[in-house]
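In: Pasted the sequence and its predicted model underneath.
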Amino acid sequence: MYIVKNLKDYQLSHKQRIFAGYLKDNVDSFVCLEKVTNRNALRKYFAPDNEFMEYTTALGEPAELIRRAFAS
C-alpha cells in the first residue's frame with residue numbers, strides 16, 4: 001500500500017512556490033508515492049469513529065426470504 005502525496009495539495013510559501021515551479025519545468029508530475037511501512041499507524045485512519053453496529057432487516061430479493069421460509 002502506498003501513500004500518495006501531491007504537491008498541489010499543500011499551501012506553499014513563496015520560496016516553496018519557486019521551487020515547485022522549478023520542479024514543474026523539470027519533472028513530469030507533482031505526485032510522490034511513499035510505501036507504507038507502519039501499518040498500525042495507518043489503521044487509525046481506516047478505523048471507524050465509533051463502535052456502533054448497523055443492522056437492517058431489508059433484503060435485496062424478497063423471493064429469497066420466501067424460498068428460505070418454505071425450504072425449512
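Out: Arrived safely.
In: any idea how far the lowest-mean-pLDDT helix or strand in the chain is from the chain center?
Out: Across the helices and strands of the chain, the lowest-confidence element by mean pLDDT, DSSP states H and E is helix 39-46, at a mean of 72. Using Cα atoms, centre = their mean, to the nearest Å, we find the averaged C-alpha position of helix 39-46 to lie 11 Å away from the chain's own average C-alpha position.
In: From residue 32, how far off is the residue nearest the centre of the chain?
Out: For the chain, the residue nearest the mean C-alpha position is residue 46 (7.8 Å; Cα atoms, centre = their mean). With distances defined as Cβ to Cβ, to the nearest Å, the gap from residue 46 to residue 32 amounts to 21 Å. For the C-beta atoms, the positions are set from N, CA and C on the backbone; glycine is no exception.
In: which helix of this protein spans the most residues?
Out: Looking only at the chain and at elements set by DSSP state H, the helix with the highest residue count is helix 14-26.
In: Direction included, what does the helix or strand following that one pair against?
Out: Towards the C-terminus, the helix or strand next in line after helix 14-26, according to DSSP states H and E, is strand 31-35. Here the strand partners of strand 31-35, with direction, are listed using DSSP bridges: strand 2-6 (antiparallel).
In: can you list the weak-confidence ranges in this structure?
Out: Low-confidence segments of the chain, defined by pLDDT under 70, are located at 44-45, 47-60, 62, 65, 72.
In: change it to 80
Out: Residues of the chain that meet the criterion pLDDT under 80 lie in 1-3, 5, 7-10, 28-32, 34, 36, 39-72.
In: how far out from the middle of the chain is the helix or strand containing residue 69?
Out: Here residue 69, judged by DSSP H and E, is contained in helix 62-71. In terms of Cα atoms, centre = their mean, the centre of helix 62-71 is found 38 Å from the chain centre.
In: From the contact counts, what lies against that helix?
Out: Counting contacts by 3 or more Cβ pairs under 8 Å, 6 or more residues apart in numbering; DSSP states H and E, helix 62-71 packs against no other helix or strand.
In: thinking again about what came up before, what's the longest helix of the chain in contact with?
Out: Helix 14-26 is contacted from outside by 7, 10, 12, 30, using Cβ atoms under 8 Å, 6 or more residues apart in numbering.
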